[in-house]
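Peer 1: Here is my input, please return the structure:
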Amino acid sequence: MAKAIWNDAVIAESDTFETVEGNVYFPLSALKMEHFQPSKQTSVCFWKGRAHYYDVVVNGEINRNAAWYYPQPSPLAKKIAGYVAFWRGVKVKK
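Peer 2: Numbering: from 1, shown residues only. The predicted structure is shown next:
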């Protein structure tokens, strides 16, 4: 079981996950969507493609762009299609 925790709240948990470059990617179905708001932020990884972001919200506090995902990953990264990873203080426990 993997869990993502921020501000003392479990924001994602799943027995199914992928690990890429040391980051744990959770399936979208593992996210507790009440803690996520779409962000306009994007970035590009040379081998995974264009990343999109979510802000994480817990108890009225916002952690901007703390979750990212690849809606259309490159063929090399197809195993993380539909998966989300975290940073910016979100703790992931396996």
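Peer 1: from the middle of its chain, how far away would stretch 54-64 be?
Peer 2: 13 Å (Cα atoms, centre = their mean, to the nearest Å).
Peer 1: Give the buried residues for it.
Peer 2: Neighbour-count burial for stretch 54-64 flags 54, 55, 56, 57, 58, 63 (criterion: 16 or more other Cβ atoms under 10 Å). (Each C-beta comes from the backbone N, C-alpha and C, glycine too.)
Peer 1: Any idea how far the helix or strand containing residue 92 is from the middle of the chain?
Peer 2: Counting by DSSP states H and E, the element that carries residue 92 is strand 91-93. Distance of strand 91-93 from the chain centroid (Cα atoms, centre = their mean) equals 11 Å.
Peer 1: one step back: okay if I get the buried residues of stretch 54-64 as TSV plus secondary structure and distance to residue 3?
Peer 2: Listed next are the buried residues of stretch 54-64 as TSV, based on DSSP: H, G, I helix; E, B strand; the rest coil; distance: Cβ to Cβ, whole Å:
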residue	secondary structure	distance to residue 3
54	strand	17
55	strand	19
56	strand	14
57	strand	18
58	strand	14
63	strand	16
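Peer 1: As TSV, these with distance to residue 16 and pLDDT would be great.
Peer 2: Formatted as TSV, the buried residues of stretch 54-64 follow (distance: Cβ to Cβ, whole Å; pLDDT from 0 to 100):
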residue	distance to residue 16	pLDDT
54	19	98
55	24	98
56	20	98
57	24	98
58	23	98
63	24	98
